[in-house]
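Peer 1: this one's sequence-less:
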C-alpha cells in the first residue's frame, strides 16, 4: 500500500485518521496505522538545511536563494526565493541585514506562509542607514526547526573607509611613558586621558567602562577608580583623577583599562555583549629612561663583504642596482624618530647615500629597511680596493633619553680601475614671475617660469601649502577667497638638482557693488494717462548698479505678466492700472518700480455703421464729445498717436500701420511745417467709413496749424 506525502503530513489530525482507515483492509491494519500515527505525533519531524531530507525521506532539499541589489544608490532591493517547498505546509522565514558586527541587525523582517506551490518569494526595498559592507541573511523554518539558510553581501556608500569593527581606544595628551608631575599641579591640569568608542553600529546601544589600576596588571584587587558611561567619548583630567585616589605616587606604574559593550534587548530584559577592550600603562616619575638602540641587520660581515663593481657606467647610471639593503627594527614600546648617517672608517675614494635620507619615524616594534647606494667615484682620489663604512642612527622620543645605533659594513671593489669623475652638471637656474601680486577677489593671476641650465627634462611643481596647483611652465590660476597666499615653485632637473622660488599674492575683498536700481517707462510716443483699450502698449525696463546680468519681471495690474527688458501689453478694459517692474541681478538683489497706466478710450465709443457700398459717417457718443485726440507730426514725418480711441481694438498690427502711413502722407502733402500738433474733439474727427467686406476704415482729420 502506497500513501501520498500530503496524506502523511495531515496524520496529526482527524482527516488523516479517517483517511488511514480508508486504506486499511482489516482491523489489525487499522490499529497498526493508529499506533504509527501516534508515534509520528510524539516524535518531532526534523529536516536538515544541508541535505534537505526528512527523517522519513519524503521531501526534496529545501533551498534558499538570497540576493541584494543596489537601486540608483538610494535603496537596496532584497529578493529571497524559497524553493522545493511542500504544499499546505506552514513555514516561518526571517530576513535581516548586518553590517560589520555580525550580531547586530540593522533591519529585520520575519513572517510565515502556507505554500500552495513548490516555491515562495519575499521581495522588498530597504535603505541602509550607515556606510559599510553589509550581509543579507535569510532562513526558513518549520515548527521551530531550521530547514535552510543563505546569505548575500554588498557594499553601501564608502565601504572601504567604513569597514572597521567597533573598538575602544585609550589615549593621552601628551602621549608618553613617563609623567614627572609630583608637586606640579599646573602640569597635572594640562594632562588628559581619553576613552573613545569608535566605528560603532548606528541604531545599536553601547556603554563604555574605564578603570584605573595600581601597577601593570588589571585585576579587582588593584582597582583604584572607574566609571561607566553611555557617552562614548570620555576625557579625564590627571589632576582630577589624582584628587579621587588620594594623590599620585612617585615612581609608580599605573594602568588604564577600557571596555566597550553593546547593549542588547529592551526594557528590563537587557544583556551586555563585550565588543572590544584596550589597556595602557604609564609611570608617574622620572623621564630619564633611555631608549633602546635600533636593531640593524645587514647581509654582510668581515668574511662576506659587500661587493661593488668598480665601473663608472654601473656606478653612475645603475647605482640602485648595486645598493645594499639593511633591515632595521624599533624594539622600543614608544614611537621614535631619527636620522641616518654614514661614516667611512676605512678606505677612500667612495661615498655612499642612505635612504631614507631625511628624518624617519618608527612605531613601536615596527620594522623597515635602509638602502645604501654607492654614489660618487673621485678621479683625483682613486678608490681603495676595500673599505669599511659605519651606518649610524640617532633616535629620540618625548620623555626618553636619545639612543645611538650603529653597524659596520665591509665593502670590496671588484677591481682597481681608476674612476673618472662624471662631467659636471650645469647649474639649474629658475626665474619665476606673476603678472599681478595683489587685487580684488576673484583674482586671476598668470604665473610663468623660465628654466635654464641643469639637465632636461625638468619637473615643474607649483603649489600652495600641500596642494599642487600646476606642473606647467605657464598657467593661469584664480584666487576666489580673500587672503595672503605663498605660491611655491620647485623645479627639479633630470640629474636631481632642484631650485625654486616663492611668490606672494595678496587677495582683498572687492568694493561693494552699487545698489540695484530698476526703472519702468512707456514708449516715448505714448502717454500713460490716456491709452486705448486693446491697443498694444510698448514698455521698457532699465536697470543699473548691482551685478549683471539682470532679469526683468512685469506685472501689468490686470492679471497679466511678462518677462523681458522690453515688452508689450494689451489692456482689454478701461481703467487705471499699476504696472510693476521687478528687477533681479546676478546676486539676487531686487528692486522694483511702478507706473500708472490710465485706459480711458473704449471700443464702445465708436459705432460702426455698415454700408454695402462705401459706408456712412459714424456716430460719436455726445457725452464724450469733449475728449481729445492728441496728434503730433515732427519734421521727420513720424506720427505719434497718444489717445486714439478704438485703435487696435479690432485691428491687426499691419492694418494699424497702413492706416498711420496713409495719415502721415496726407499730412506731409498738405504742409511743410516743422511740426504739427492738435487737440481735436471727438465731434471734429470727421467721418468714419467702414468697408464691411474687408473690415477697413479711414479717419479724416482737419488739423489746425499752430
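Peer 2: Thanks, I have the structure now. Only a predicted model underlies this, so the values are computations on that prediction, with no experimental measurement involved.

Peer 1: nearest spatial neighbour of residue 191, chain-adjacent residues omitted?
Peer 2: Take residue 191 and drop its neighbours on the chain: the residue closest to it by CB to CB, 6 or more residues apart in numbering is residue 238, 4.0 Å away. Every C-beta, even on glycine, is put in place using the N, C-alpha and C of the backbone.

Peer 1: next, give phi and psi for the one you found.
Peer 2: Backbone torsions for residue 238, taken as degrees, to the nearest 10, come to phi -60, psi -40.

Peer 1: contact partners for it?
Peer 2: 179, 181, 188, 189, 191, 192, 193, 248 (CB atoms under 8 Å, 6 or more residues apart in numbering).

Peer 1: again, but for residue 481
Peer 2: Residue 481 neighbours (CB under 8 Å, 6+ apart): 441, 507.

Peer 1: for it, helix, strand, or coil?
Peer 2: coil (DSSP: H, G, I helix; E, B strand; the rest coil).

Peer 1: re earlier: closest to residue 173 among the contacts of residue 238?
Peer 2: Nearest to residue 173 among those: residue 192, at 5.1 Å, using CB to CB.

Peer 1: what's the burial count for the closest one?
Peer 2: Counted by other CB atoms under 10 Å, the residues lying close to residue 192 total 16.

Peer 1: do the one 5 residues further on as well
Peer 2: Burial of residue 197, expressed as a neighbour count using other CB under 10 Å, amounts to 23.

Peer 1: what's the local residue count around the closest residue in space to it that isn't next to it in sequence?
Peer 2: In space, and not counting its chain neighbours, residue 197 is closest to residue 232: 3.5 Å by CB to CB, 6+ apart. Around residue 232 there are 16 other residues, counting by other CB under 10 Å.

Peer 1: for residue 232, give me its contacts.
Peer 2: 196, 197, 198, 200, 206, 208, 260.

Peer 1: state the distance from the residue lying closest to residue 398 once chain neighbours are set aside to residue 254.
Peer 2: Excluding its sequence neighbours, the residue lying closest to residue 398 (CB to CB, 6+ apart) is residue 176, at 5.3 Å. Computed with CB to CB, to the nearest Å, the distance linking residue 176 and residue 254 is 13 Å.

Peer 1: what do these two both touch?
Peer 2: Counting by CB under 8 Å, 6+ apart, the contacts common to residue 176 and residue 254 are residue 282.

Peer 1: have a look at the two and say which one is more surrounded.
Peer 2: Ranked by neighbour count (other CB under 10 Å), residue 176 and residue 254 place residue 254 first, with 21 against 17.

Peer 1: could you check how far whatever helix or strand the more buried one lives in is from the centre of its chain?
Peer 2: According to DSSP states H and E, residue 254 maps onto strand 252-266. How far strand 252-266 lies from its chain's middle: 35 Å, per CA atoms, centre = their mean, to the nearest Å.

Peer 1: quick one: strands adjacent to the next helix or strand after it?
Peer 2: Sequence-wise, the next helix or strand downstream of strand 252-266 (DSSP H and E) is strand 269-284. Using DSSP bridges, strand 269-284 pairs in its sheet with strand 178-179 (parallel), strand 252-266 (antiparallel).

Peer 1: please parse the chain into its domains.
Peer 2: Following automatic domain parsing, one finds the domains of the chain at 5-42, 63-161, 167-284, 295-413, 429-505, 517-601, 609-699.
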